[in-house]
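Participant: Got a sequence here, can you build the structure:
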Amino acid sequence: MRISLGDGIFWIAVACCVVAQAAILRSVLITRTAAPQSDQVPRPRSGAEVAWAILPALALAGLLVLTWRTMHRQAPAYHVAAQVSLERAP
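Facilitator: Residues are numbered from 1 along each chain as shown. Alright, predicted model coming up:
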């Protein structure tokens, strides 16, 4: 199995996206548990924050799947039959 330059770049991009999304989710979840317990500070809406962190991750995963499929799409095989006649026309 040969790995092309495009495949290598694709997998490097996937790794970068996974690291970035993990950092985003980690920051959202840690901030959620470290929220101050004070009446003056409003309580964060953790469900909305987690949803807005997961939604782009799902969209990005879908984009990566579509990109992979497009990169490895097989060209349709067209069979063209041609008939050549070597006779002269009258």
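
Participant: ranges for the strands of this protein?
Facilitator: Here the chain has no strands by DSSP state E.

Participant: Please enumerate the helices of it.
Facilitator: For the chain, the helices defined by DSSP state H cover 5-33, 46-71.

Participant: Glu87 is nearest to which of those?
Facilitator: Among the helices of the chain, the nearest to Glu87 by Cβ to Cβ is helix 46-71 (46.9 Å). For every residue, glycine as well, the C-beta is placed using N, CA and C.

Participant: how many neighbours does Leu5 have?
Facilitator: Leu5 is flanked by 7 other residues according to other Cβ atoms under 10 Å.

Participant: From Leu58, how far off is it?
Facilitator: 28 Å (Cβ to Cβ, to the nearest Å).

Participant: export the helices of the chain to TSV and tack on mean pLDDT and distance to Asp39?
Facilitator: Below are the helices of the chain laid out as TSV (pLDDT from 0 to 100; distance: least, Cβ to Cβ, whole Å):
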stretch	mean pLDDT	distance to Asp39
helix 5-33	87	19
helix 46-71	89	18
